[in-house]
Each structure stands twice: as C-alpha cells, then as structure tokens.
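**Q** What follows is a predicted protein model with its sequence.
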Amino acid sequence: MNIGAGSGTLLEVSGISVSFDGFKAINNLSFNIGPAELRAVIGPNGAGKTTFMDIVTGKTRPDEGTVLWGPMSANLLRRNEAQIARAGIGRKFQRPTVFEDQSVTDNLMMALKAARSPWRVLFWRAGGKDDARVAEIAAQVGLADQLPRKAGELSHGQKQWLEIGMLLAQEPKLLLVDEPAAGMTLAEREATTALLVDLARTRAVVVVEHDMEFVRRLNCRVTVLHEGSVLAEGSLDHVTADQKVIEVYLGR
Amino acid sequence: MRPGFLAKNPSVIWFLLILAIFTLVITLLSHAYGPGVISTSMVKTLGKTLCLCLIAIAMDLVWGYTGILSLGHFAFFGLGGYMIGMWLMYERTRDIVLKSASDFPMTPHELQDAIGSQIFGVVGSSKLPAIWHFAGSLPMQLLFVVLVPGLLALVFGWLAFRSRVAGVYLSILTQAMTLALSLYLFQNESGLRGNNGLSGLQNIPGLSADQDHSSVWFLWASACALALGYVLAAAIVSGKFGSVMRGIRDDEARVRFLGYPVEGFKLFVFTLTAVIAAIAGALYYPQAGIINPGEMAPIASIYLAVWVAIGGRGRLYGAVMGAFFVSIVSSWFTGGRVPDVPLGFYTIKWVDWWQVLLGLSFVLVTLLAPKGLSGLVELIAGLRPPRRGGAPLGPDAGSLQEEEARE
C-alpha cells in the first residue's frame, strides 16, 4: 500500500469506516484526488456521500482509516474543523448556509482569506485590496449589485451563489461542493457548471450530485458510492456501463 | 468609500450626547454642585444604575451578539466589587486604628493584627487571611479587579468551550458557577467575612470630601466607564470580529468551516465581558457601600438577562435602555413610595407585586416584541431593518421590497 500522498495526490483517504449506532455509514472507503482535478461523487440516498464530506472536513471522526493531506501528507484526523478549513479545504453545503442577518459584503469579508485568530481578527481592517477582491468575487457570482443587501433577503439561487462566492473568497485548495445545482434555474446551472470546470483548472473540486444531467455536463471522472464504499470509478460512460452500478443506482 | 466608525455606528454619538447631558443635569441639580433638587442617595442610585448599564453591555456582547446565554456574569461583577472593597475596607480600618492609637507607635506587625481583629472580629477571627496580603495596595487591588474575574472566566470558559458545552447546558453551568462562588463566599472561612460581606465602602480613604461630593464624582466615573465601554463594544461589533460573533450566534458550525476557531472567539468574548462586568462592579460597590455574597446569588445574573431582553438584545443601546429602565422602575417600586392599590378584598403591595409585573413584562416582551425597548428607538429613527431570516422577501417580491428593506 502506498503510504503518504505522493506529489500527484492532494487528498488521500484510505480505508475509512464509521458506524452510527451499529449502522455502517462508511465501510472501508478509499478515495484520492489530485491538486487540479474535478471529480463527481454520485450515489443513491444513504450511500454515505455526506458522511464522507463530514469526515474530510473534520465534523465526524472515522472509527478507522487515514485521511492524509497535501504534499507533506499531514494527518487530517488529528485536526478540528477550523484547522482543516485553514489548511485549505472549503465546503459548500447542500442547503445554502449564509449568514442571513449580515450583508453580502460582510459575508464575503468574513470568508476572505486572512488571519483567523481572535486577536488578528479584532484588529483587522479591510484595505483597498480587500474591497477590490470582494467586488471581484461578487461580480464573478453575479451579486455585484447586491453587496449592501442582507443575505437573508436574497433568493434561494442567489444564496447558493453567495455561498459559492464565500468559498472562492476562502481560496481553498480543495472544494467540497454538495449538490450545487439544487434550486437553480437552467441558466444558473450552466453558469455553475462553467464555474466549477474553470475552478478545477487550478484546484481540486469534488462535486456531490444527484442530477445525472449535471454530472454529464461536468465531463469528469466519477466515483460511485454505495453502502459506504466505492462501487465504481472512471468516466461517466464507463461507470454507467458497469453492471453493479446499473443494479444499485441507475436501474431503479 | 468605506463608512467611518461613527457612520457605521450612528448610535454612538447620540449615546455619548445623552449620557453627557444626563450626567451634567444630575450634577447641576445635586446637593454638592447645585440647589439639591436631587438627593445624594438618588445620585448614588443613578450612579449605580450607570454601572448596571455597563454590565448590561457586557451581557449584550456575550448573549445578544455571540449567543452565549451566560447566567453568571454577576459573579464577575461581585468579584470586582470584592477586590476593590478589600482595599477600601483595609485602608479605612488602618486609618481608624492609627488614629485611635496615635499616642503609641505601633510596629507593623501590631498594626496588621489590630486591623485583622477590627475587620475579622465579626467572624470570630483576628488574623488577616492570606488573600488580604495586598489589600493595603490600591494598584494591586485594582489589578486584581481585572485579573481575578478575568482568570476565573478564562479557566471556566476554557473548560466549558473546549468540551463544546453550548446552549442551555452552558447556561446551567454558569448558574452553577455563580451559585458555587456565592456559597463559598458565604462561609466565614472564605476570608471575605462570610455573609457579613464588606461594608463601609462608601468612605474613600484619603478623601476628605463628604458623601454629597464623592457621590457626584462616582457618578462621573461611572458615566466615563459606561461611555468607554459603549465605544469599545461598538468598535468590536462593527468590525469583522463582530461579524464573526454574530456568525457564531446564528450558525456556529458554518463559522468553523470558514476556518475560525469558534472556541477561541467564545473564550475571548466571555473573558472580555467578565472583565467589563468586574470593572462595573468595582465602580458599583463603593456607591452601594456594602457588598455581601447575596449580591452574587444566581437570581442576579438572571435579572441581567431580563434587562437585556427587555431592552432588546443584539443592540448596544437596547441593553443600556433595558438596564436603566428596569432598574430605575424597580427601585421606584421597591422603594415603597408607590401607592398600594386597594381592591377591597386584596391590597396590591407593589413591593411584592413588582416581581410579578417584571416577570410578566419579560414574557410579553419575549413573545410580542423581541426587539424590546430598542424597537421604539428604531420606530422613531425610521430605521426599519429587514426582518431576520428574510424568507418572506421571495425572489419576485424581493426586488420591490429591497428599497424598503435597505437601511
């Protein structure tokens, strides 16, 4: 077995298992992704997609297995959520979670890559560069004219975009994106696809998605999860031709 | 391009102006500096009320902005009072002992013993406990005002937040802390005179002025502390730190995934507000004249939450209004000057029924007017901030309502 993620691997998850009250949510799952790669993770409900993301982001601790990160093969299991986020893993939730009581600007400023310790945050003041960066990101996600509005007033789709914008502001090396297209119009979906494909040129992007049409448009490697482990991996055409995949997922 | 501090906090100017006018008017109507329309005891009550407003700001920071419902901040308030009270009592007793023994020169040891038996005779002891070692030094005791409650908050908060105790469990834990502290201080062995507490604190050693004057000076000191506290709190909540605080209140997990060490932020806010509370207490008790462990009873900290809720949490001026209004009305009702209401079959005595009235108004405010008294200010100022959650402003209606919703 190859110990430690080599230079070609950004995140190496190997042999993780976790069970909740006897139910094995993740069962001996292994997963690798390179530093500039787009990957779609699909699977039926209860396949362990969200639990997988919880483990990588530090929300859930696996019972066994290792999660190694970066060229130094740092052990992510010994870090908490905030430390993992600072290491460069950003996460977008299925339900848009933005700070509804605060303006779009404040949401983006909070996400902007900067020092995170209380003392540094206390004395942090937005400079011209930060303003420009926020404006740039807002323009990128189509919220340029919404900056002073409270995030709570935005439409569902706009909240999705704001969250993607916050993710961009964090400048993560790995993005975990949970059902980005949920609640979006067709035009918005196309824009999202283009954005994700573009982002994957410079960083690793993992997209968890139900919608096969959306996955097809991403045109990337696909990992199929089933009952907490990897069922098949490869191009979409390859996995959709796989007999096991057809049985458990597509054939239903 | 970016708005300045005052533009972002329009309430600061108004607050400082109102506070300055208030303090000035009281001064000019006091016995010491005016016709004496306002009695010295009333000046003291108002000065104490300003200290309560300061601890209400601390409570608003920790609860209204960060979402930590601490029901233990009066413990820090009381500790601050005890720390300054030790110096006040020690110095005054020393003066008395020296005066009465002016003919006989005393060795430092004899002096120490005399002071000890003066202060601790009441609990059947004559030795000064070790914690009174620095009681003769004002700078040391002032340092303790900040250090002792600050360290207690730091250790308690570190233990509680590190194990991710939150919500109602944290509230219960803070109640347990303040109860334990007050029970400990009730013991004579605690070295702080048990249930007698410290008394005679209104006499400031080395100050020849009478109570009429010193009460006004303390009023000004309290007003200055409140002003500084308000500006500090406004500066904290208007920056990115404030954004993170509100983020923790609304969605703690999301803040973690942004990379912020949530526990560190909570600990910071908890400790800072404990220190603010302690400073408020150190200014309060010299005006009250006496402090005993009853002041730190759990109910006091619950009252604090009630003030902030009635004033409107998440708004600094709301906390101040709540504390001021409720404690003034409270002292009016409990002062026995409100006429009883004879109903024939029963007489409503406000001294007893005031508590019921307060409880009822707390329930009503929570249910019907979550913004509390500060909702009135916003009504007058014409600020109609968008409702939190914002869900009703849907994608279609949102474009129309946006203009109204914008501040």
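**A** Structure's in. What do you need?
**Q** so how far is A:Thr60 from the most centrally placed residue in chain A?
**A** Against the mean C-alpha coordinate of chain A, by CA atoms, centre = their mean, the closest residue is A:Leu176 at 1.0 Å. The gap separating A:Leu176 from A:Thr60 is 13 Å, by CB to CB, to the nearest Å. Every residue, glycine included, has its C-beta placed from N, CA and C.
**Q** can you check B:Cys53 too?
**A** Taking CB to CB, one finds B:Cys53 at 45 Å from A:Thr60.
**Q** Looking at the two, which one has more neighbours?
**A** For B:Cys53 and A:Thr60, the more surrounded residue by other CB atoms under 10 Å in any protein chain shown is B:Cys53, and the numbers stand at 28 against 17.
**Q** Quick check, pLDDT for that one.
**A** pLDDT for B:Cys53: 96.
**Q** isn't it right next to B:Val320, touching?
**A** Yes - with contact defined as CB atoms under 8 Å, B:Cys53 reaches B:Val320; the gap is 4.5 Å.
**Q** Of all residues in the stretch 151-300 of chain B, which one is closest to chain A?
**A** B:Gly259 (3.6 Å; CB to the nearest CB).
**Q** quick one: contacts for that residue?
**A** Taking CB atoms under 8 Å, 6 or more residues apart in numbering or on different chains, we find B:Gly259 in contact with A:82-83, A:85-86, A:116, A:170.
**Q** burial measure for the residue nearest to B:Val275 when sequence neighbours are not counted, as a count.
**A** Using CB to CB, 6 or more residues apart in numbering or on different chains and skipping the chain neighbours, the partner closest in space to B:Val275 is B:Gly150 (4.8 Å). If you count neighbours by other CB under 10 Å, B:Gly150 ends up with 19.
**Q** Does B:Gly150 lie in a helix or a strand, and which?
**A** helix B:138-162 (DSSP states H and E).
**Q** List the buried residues in that helix.
**A** B:138, B:141, B:144-146, B:148-150, B:152-154, B:156-158, B:160-161 (16 or more other CB atoms under 10 Å in any protein chain shown).
**Q** dump the residue contacts of the residue lying closest to A:Glu233 once chain neighbours are set aside.
**A** Spatial nearest neighbour of A:Glu233, chain neighbours left out: A:Thr223 (4.9 Å); criterion: CB to CB, 6+ apart. Neighbouring residues of A:Thr223 by CB under 8 Å, 6+ apart: A:31, A:39-42, A:230, A:232-233.
**Q** Please name the bridge partners of A:Thr223.
**A** Counting by DSSP bridges, A:Thr223 forms beta bridges with A:Val41, A:Glu233.
**Q** before we move on, what SS does the residue nearest to A:Leu196 when sequence neighbours are not counted have?
**A** Among residues not flanking A:Leu196 along the chain, A:Val205 sits closest, at 5.7 Å (CB to CB, 6+ apart). Recorded secondary structure, A:Val205: strand (DSSP: H, G, I helix; E, B strand; the rest coil).
**Q** which residues does A:Val205 contact?
**A** Contacts of A:Val205 by CB under 8 Å, 6+ apart are A:37-39, A:174-175, A:177, A:196, A:199.
**Q** Which residue ranges of the chain form strands?
**A** Just going to use chain A. A:11-20, A:23-33, A:38-42, A:64-69, A:74-75, A:89-92, A:174-178, A:204-208, A:221-226, A:229-234 (DSSP state E).
**Q** try chain B instead
**A** B:198-199, B:290-291, B:341-342, B:347-348.
**Q** What is the burial count for the closest residue to chain B within the stretch 101-250 of chain A?
**A** Closest approach between the stretch 101-250 of chain A and chain B, counting by CB to the nearest CB: A:Gly152, at 2.7 Å. A total of 22 residues lie near A:Gly152 under the criterion other CB under 10 Å.
**Q** With A:Asp130 instead?
**A** Neighbours around A:Asp130, by other CB under 10 Å: 19.
**Q** ok, the closest residue to it other than its chain neighbours to A:Ala135 distance?
**A** Nearest residue to A:Asp130 in three dimensions, chain neighbours excluded: A:Leu112, at 6.1 Å (CB to CB, 6+ apart). Using CB to CB, A:Leu112 is found at 12 Å from A:Ala135.
**Q** Now do the contacts for A:Thr105.
**A** A:134, A:147-148 are the contacts of A:Thr105 under CB under 8 Å, 6+ apart.
**Q** Quick one: name the residues of the stretch 201-350 of chain B near chain A.
**A** Within the stretch 201-350 of chain B, the positions adjacent to chain A are B:236, B:239-241, B:243-244, B:246-247, B:250-251, B:253-254, B:256-262, B:264-265, B:268 by CB under 8 Å from any CB of the partner chain.
**Q** switch the cut-off to 6 Å
**A** By CB under 6 Å from any CB of the partner chain, the part of the stretch 201-350 of chain B that sits against chain A consists of B:240-241, B:243, B:246-247, B:250-251, B:254, B:256-261, B:264-265, B:268.
**Q** are any of these buried, and which?
**A** Buried among those (16+ other CB under 10 Å): B:240-241, B:243, B:246-247, B:250-251, B:254, B:256-261, B:264-265, B:268.
**Q** still on that earlier bit, kindly reformat the strands of chain A as CSV containing distance to B:Gly124.
**A** Shown next, in CSV, are these (distance: least, CB to CB, whole Å):
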stretch, distance to B:Gly124
strand A:11-20, 60
strand A:23-33, 64
strand A:38-42, 74
strand A:64-69, 63
strand A:74-75, 61
strand A:89-92, 64
strand A:174-178, 67
strand A:204-208, 72
strand A:221-226, 74
strand A:229-234, 74
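**Q** I'd like those strands laid out as CSV, including mean pLDDT.
**A** Compiled in CSV, these are given as follows (pLDDT from 0 to 100):
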stretch, mean pLDDT
strand A:11-20, 91
strand A:23-33, 90
strand A:38-42, 92
strand A:64-69, 92
strand A:74-75, 90
strand A:89-92, 91
strand A:174-178, 92
strand A:204-208, 93
strand A:221-226, 90
strand A:229-234, 90
